[in-house]
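**Q** My questions are about this predicted structure, shown below with the sequence.
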Amino acid sequence: MNRLLLLIALVGISTVFGCSSSPSGGGGCGCGGGARGVLRLEGDDAIEEDFGEIYGLGLWASPKLPNNVSLSQAQDPNFHFKSCCAGRALSTACVARCNFETYNQALLQKMLIGVDECPLNSLPEMHFCAAQGRDHTSCCKAKGVDATTSGDKCLVFCDQIPDKFTPIDYTYAACFGKFDDMKQCFKSTIAAKAKSFFRHH
């Protein structure tokens, strides 16, 4: 990918970090007040994360599953990714791409040049859903996401906690090459959290 396309990519992703209180069409990762959920990994201390009324993440409000969701679905990171995209009112084409196997650099390039059915302005919502509104900084550091000429700046793409905004400029260009590492962090962390949180009741 040439420098120009990298910069276009950054412009496209730059709004990922501006969060609002509305779902798709509201300009960012929607969130709202509501009950708190407590998630934890095996052997870890409880981590409080405010899901409550966050659009697309309602399944995390309780370990008790709705009747229409099986345990295998609830423990599948792709199910959470796709459910979030649908819950945030993305187009059918975009929802179909909310899968960790298809959400990759190749897809981003197609979206950037406008040859994919999913429009570029849906990228912030998709990235938020892939991360499930969480901060994956620790995993990203372990994966070397900060080991580029952009350094620690790349870690901002790993933190998808709502209500944050970071202006993006050309100094973030090298981060695009670490996209797949970020995505792997999202997938592995969500899989571990889901396996721990959702159980037979």
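**A** Cool, the structure landed.

**Q** helices or strands up against the one helix or strand M182 maps to?
**A** Assigned by DSSP states H and E, M182 belongs to helix 179-197. Packing contacts for helix 179-197, counted by 3 or more C-beta pairs under 8 Å, 6 or more residues apart in numbering; DSSP states H and E, involve strand 37-39, helix 77-87, helix 105-112, helix 123-131, helix 137-142. (C-beta placed from N, C-alpha, C; glycine too.)

**Q** Please work out the angle formed by the directions of the third one and helix 123-131.
**A** So the one you mean is helix 105-112. Compare the direction of helix 105-112 with that of helix 123-131 by axes from the mean of the first three to the mean of the last three C-alpha atoms, to 10 degrees and you get 160 degrees.

**Q** how near is S122 to C140?
**A** Distance check for S122 against C140: by C-beta to C-beta, to the nearest Å, it reads 23 Å.

**Q** and what of T171?
**A** 18 Å.

**Q** I'd assumed V145 was in contact with M182.
**A** Yes. The pair M182 / V145 is scored as a contact, 5.9 Å apart, by C-beta atoms under 8 Å.

**Q** what touches both of those two?
**A** F157, C158 (C-beta atoms under 8 Å, 6 or more residues apart in numbering).

**Q** so how far is the helix holding M182 from its chain's centroid?
**A** Taking C-alpha atoms, centre = their mean, to the nearest Å, one finds helix 179-197 lying 10 Å from the centre of the chain it belongs to.

**Q** send the alpha carbons of that helix over as PDB?
**A** The C-alpha trace of helix 179-197 is given here as PDB (Å, rounded to 0.1, in the frame of the first residue of the first chain):
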ATOM      1  CA  PHE A 179      -4.100  -3.800  11.600                       C
ATOM      2  CA  ASP A 180      -4.200  -7.600  11.500                       C
ATOM      3  CA  ASP A 181      -2.300  -7.700  14.800                       C
ATOM      4  CA  MET A 182      -4.900  -5.400  16.400                       C
ATOM      5  CA  LYS A 183      -7.700  -7.600  15.000                       C
ATOM      6  CA  GLN A 184      -6.200 -10.700  16.400                       C
ATOM      7  CA  CYS A 185      -6.100  -9.000  19.800                       C
ATOM      8  CA  PHE A 186      -9.800  -8.200  19.500                       C
ATOM      9  CA  LYS A 187     -10.700 -11.700  18.500                       C
ATOM     10  CA  SER A 188      -8.700 -13.600  21.100                       C
ATOM     11  CA  THR A 189      -9.700 -11.300  24.000                       C
ATOM     12  CA  ILE A 190     -13.400 -11.400  23.100                       C
ATOM     13  CA  ALA A 191     -13.200 -15.200  22.800                       C
ATOM     14  CA  ALA A 192     -11.600 -15.500  26.300                       C
ATOM     15  CA  LYS A 193     -14.100 -13.100  27.900                       C
ATOM     16  CA  ALA A 194     -17.100 -14.800  26.300                       C
ATOM     17  CA  LYS A 195     -16.000 -18.200  27.400                       C
ATOM     18  CA  SER A 196     -15.500 -17.000  31.000                       C
ATOM     19  CA  PHE A 197     -18.700 -14.900  31.100                       C
END
